[in-house]
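Colleague: The following block contains a protein sequence and its predicted model.
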Amino acid sequence: MDDESEQKHFRRVLKSFRAYETYSLNLIEQKKKYVREVPKEDQELVKKLAARLNRSEEAIKTNAQFIGKVLAPKILFSNANEIGPNSNGADVGGSNGLSLSDVDRVRTVLKQIAREWSEAGNLERHQSFQPLIDVIQRHFGKTPVSDLKNIRILVPGAGLARLPWELARLGYTVQGNDFSYYHLLVANYILNFAHGDAPADMNAGNGSTPKSIVYPYIHQTNNVVREENQFLAVGVPDVNPRQLPTTGAEFSMIGGEFVDVYADQNESWDCVCTCFFIDTARNVVQYIRTIKNLLRPGGIWANLGPLLYHYADMFNENSIELTLEEVLQVTADLGLEIIQNGYRRCAYSSDQQSMFKVEYDCLFFLARKPVQ
Ligand SMILES: C[S@@+](CC[C@H](N)C(=O)[O-])C[C@H]1O[C@@H](n2cnc3c(N)ncnc32)[C@H](O)[C@@H]1O
């Protein structure tokens, strides 16, 4: 993307965040209107639904408060506030405005926040992040603690940065990378500001971490068993992101397209760790080749994730969709040795209480670049 398109895209992301509240409240208003239109006797029977819609408005406003913190002028990256007057929900669907999928991205990020930075995400993090952390720790297990900072780990497609943060917490030097401003903006807030920003009355159970409240499933009105599931309130963050070892290890997040950003960093990394990432590629071979090039001889690639190829079903988009066996074969053909390989069952951004749950039998492997 050239600078102008990049700026334009960034402005669109900010607009989407800012449109979230009005757009979502408008939708609730529309539903309330329909409830008022059904026959009186039916209205009597669905009184709880009418009350629930009112309650939804409050939850949406709470989510909007969290978004407000993410977009606060002192928190946004430089020049981010030069986008003119605040956008509102009226932009959605308008001729020059946002599409529904823009606001939908904001809703997806709310669920991603629960996965990565709330106690409600414990199970998913245990399923997806822990196998990667364990395999990396085992591999570097003989390294003295004081030398861990010299081990450089790269986490492309890091989302809201919890996985790289967990690795940094163990003492490694870690860099996360992501190209989505939706994720980068929220990660920036959580990592750098959330702990100091929240009001004192929102202290976490452990007494150490102030929190904001987010309702990740508030927009999920299908397959809800009971009202409380839709209104699950999660405290964010569940840990203090500023608590990292002071051993000299570095922790950073870099924005940008993975293949482009790391094109000139051959043999600079001891480990590349990918979680739910390789299927975001148009050309997964290019990702695997990049990972191989980034690794030092003897370096490792730990991967876990499904093969839900991101561009596969998109009209007018191109993508290569390899089978699991082909991914492993290409990895080997490009010169990486598969040391360990299996499946791990994982949910992703999923409401555990919903009648509809998705689980993947994720491909999980550890590969090594030969020393030669
Ligand atoms: C499915 S999410 C996984 C997030 C996180 N690793 C997790 O397991 O929760 C994939 C992430 O990869 C990012 N991503 C997709 N394509 C990318 C690319 N080419 N370069 C950098 N990041 C990318 C997306 O923005 C998204 O945050």
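Modeller: Arrived safely.

Colleague: The residue nearest the centre of the chain - nearest residue in space that isn't next to it in sequence?
Modeller: Nearest residue to the geometric centre of the chain (C-alpha atoms, centre = their mean): G159, 3.4 Å. Leaving aside its sequence neighbours, G159 sits nearest to H183 (C-beta to C-beta, 6 or more residues apart in numbering; 5.4 Å). C-beta: built from backbone N, CA, C; applies to glycine.

Colleague: Work out for me the element that neighbour sits within.
Modeller: If you go by DSSP states H and E, H183 is part of helix 181-192.

Colleague: you'd agree E250 is up against T173?
Modeller: Yes: with contact defined as C-beta atoms under 8 Å, E250 counts as touching T173 (4.8 Å).

Colleague: The two: who's more crowded?
Modeller: Taking neighbours as other C-beta atoms under 10 Å, E250 and T173 compare with T173 leading, 21 against 12.

Colleague: Quick one: the helices in the stretch 251-372 of the chain, in order.
Modeller: 258-261, 284-294, 324-333 (DSSP state H, counting those that start in this stretch).

Colleague: wait, does the longest one make contact with the ligand?
Modeller: No: in this structure, helix 284-294 remains apart from the ligand according to C-beta under 6 Å from any ligand atom; the gap is never smaller than 7.9 Å.

Colleague: That helix to helix 324-333, inter-axis angle?
Modeller: 30 degrees (axes from the mean of the first three to the mean of the last three C-alpha atoms, to 10 degrees).

Colleague: continuing past the helix or strand bottoming out on mean pLDDT in the chain, what's the next helix or strand?
Modeller: Every helix and strand of the chain was ranked by mean pLDDT, DSSP states H and E. The lowest is helix 194-197, at a mean of 72. For helix 194-197, the following helix or strand on the C-terminal side (DSSP H and E) is strand 212-214.

Colleague: Whichever helix or strand comes after that next one: which residues count as buried?
Modeller: Toward the C-terminus, strand 212-214 is succeeded by helix 227-230 as the next helix or strand (DSSP H and E). Of all the residues in helix 227-230, those buried under the rule 16 or more other C-beta atoms under 10 Å are N229, Q230.

Colleague: State the mean pLDDT of helix 227-230.
Modeller: Throughout helix 227-230, pLDDT has a mean value of 97.

Colleague: cool, and stretch 99-109?
Modeller: Mean predicted lDDT for stretch 99-109 stands at 92.

Colleague: ok so, going back, residues touching the residue nearest to G159, list them.
Modeller: By C-beta atoms under 8 Å, 6 or more residues apart in numbering, the contact set of H183 is V109, Q112, A158, G159, L160.

Colleague: same thing with F251?
Modeller: P164, W165, A168, T173, V174, Q175, L244.

Colleague: so how far is the ligand from S268?
Modeller: 17 Å (C-beta to the nearest ligand atom, to the nearest Å).

Colleague: That residue is in contact with P297, isn't it?
Modeller: No: in this structure S268 lies outside contact range of P297 using C-beta under 8 Å: 12.0 Å.

Colleague: the more surrounded of the two?
Modeller: S268 (14 against 10).

Colleague: In contact with that one, which residues are there?
Modeller: Counted by C-beta under 8 Å, 6+ apart, S268 has contacts R152, L294, R296.

Colleague: out of the residues you listed, which are buried?
Modeller: Taking 16+ other C-beta under 10 Å as the criterion, what is buried in these is R152, L294.

Colleague: From the contacts of S268, pick the one nearest the ligand.
Modeller: Taking C-beta to the nearest ligand atom as the measure, the ligand sits nearest to L294 out of the contacts of S268, at 13.2 Å.

Colleague: Excluding covalently adjacent residues, which one is nearest to that closest one?
Modeller: Looking at L294 with C-beta to C-beta, 6+ apart, the closest residue is W269, at 4.8 Å.

Colleague: what do you get for N318?
Modeller: Per C-beta to C-beta, 6+ apart, closest to N318 is R282, 6.1 Å.

Colleague: Measure how buried that neighbour is and give me the count.
Modeller: By other C-beta under 10 Å, the residues close to R282 number 15.

Colleague: so what's it up against?
Modeller: Contacts of R282 by C-beta under 8 Å, 6+ apart are Y311, E317, N318, S319, I320.

Colleague: could you dump those residues to TSV with distance to A19 and neighbour count?
Modeller: As requested, the contacts of R282 are exported to TSV (distance: C-beta to C-beta, whole Å; neighbours: other C-beta atoms under 10 Å):
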residue	distance to A19	neighbour count
Y311	26	16
E317	25	10
N318	30	9
S319	29	16
I320	35	15
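
Colleague: Nearest to the ligand among those?
Modeller: Y311 (10.0 Å).

Colleague: Which residue is the nearest non-sequential neighbour of the closest one?
Modeller: Y311's closest residue in space is S319 (C-beta to C-beta, 6+ apart), at 3.7 Å.

Colleague: I'd assumed D313 was in contact with the one you found.
Modeller: No: the pair S319 / D313 is not scored as a contact, 9.2 Å apart, by C-beta under 8 Å.

Colleague: so what's in contact with E250 and T173 at the same time?
Modeller: Listed as contacting both E250 and T173 by C-beta under 8 Å, 6+ apart are K149.

Colleague: Per-residue pLDDT of the closest residue to C346 other than its chain neighbours, please?
Modeller: With sequence-adjacent residues excluded and distances taken as C-beta to C-beta, 6+ apart, C346 is closest to Q127, at 4.1 Å. Per-residue pLDDT puts Q127 at 98.

Colleague: Fine by me, thanks again.
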